[in-house]
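[1] How does the following fold in three dimensions:
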Amino acid sequence: MNTQSQITFDMAGLANAVERLPADAVDALPFGSVRLDPQGLVTFYSAAEAKLSGYGARPALGRSFFAEMAPCMDTSMFRGRIERAMAAGKYDMEFGWIGDFSDRLRQLQVRVQPASDGGCWIFIRRD
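    Below you'll find the model as predicted:
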């Protein structure tokens, strides 16, 4: 089993490795982790993502990620890209994005992989 110290943003099978960790270990990763169900509702929002993005302690679970939490990412280039990949089936994509909850000019590296429940994981690294 992977331990938290062996989990890296660039590793193969990142979503599978993260799903085997306890929530507190995912919270402590050096990048943000967000799990969405197939309808785009947040089922996991890591403490790291809350802190690194500036979202803080606002409620996240059960909320629509794109409509309620990250409307700046509710575009064809972000949400649309994820939805097209999910519709196509197996995917592991990575892309750059500019804009964060507390800093619209911040550069992000985004990685999206399927979750075991049919939703997806969105991992966000800030350099």
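
[2] so where do the helices sit in the chain?
    Listed in chain order, the helices of the chain (DSSP state H) span 14-19, 23-27, 47-53, 79-88.

[3] Show me the beta-bridge partners of the spatially most central residue of the chain.
    Geometric centre of the chain, nearest residue: I122, 2.1 Å, by Cα atoms, centre = their mean. Residues in a beta bridge with I122, per DSSP bridges, are V34, V112.

[4] L36 and V110: what is the separation?
    According to Cβ to Cβ, to the nearest Å, L36 stands 13 Å off from V110. For the C-beta atoms, the positions are set from N, CA and C on the backbone; glycine is no exception.

[5] Compare the two (neighbour count), which wins?
    L36 (23 against 18; other Cβ atoms under 10 Å).

[6] Show me what counts as buried in stretch 74-92.
    Under the neighbour-count criterion of 16 or more other Cβ atoms under 10 Å, stretch 74-92 has D74, F78, R79, R81, I82, A85, M86 buried.

[7] overlap in contacts of L36 and V110?
    Here L36 and V110 have I122 as joint contacts, going by Cβ atoms under 8 Å, 6 or more residues apart in numbering.

[8] Show me what counts as buried in the lowest-mean-pLDDT helix or strand in the chain.
    Lowest on mean pLDDT, DSSP states H and E among the helices and strands of the chain sits strand 93-98, with a mean of 89. Within strand 93-98, the residues scored as buried using 16+ other Cβ under 10 Å are W97.
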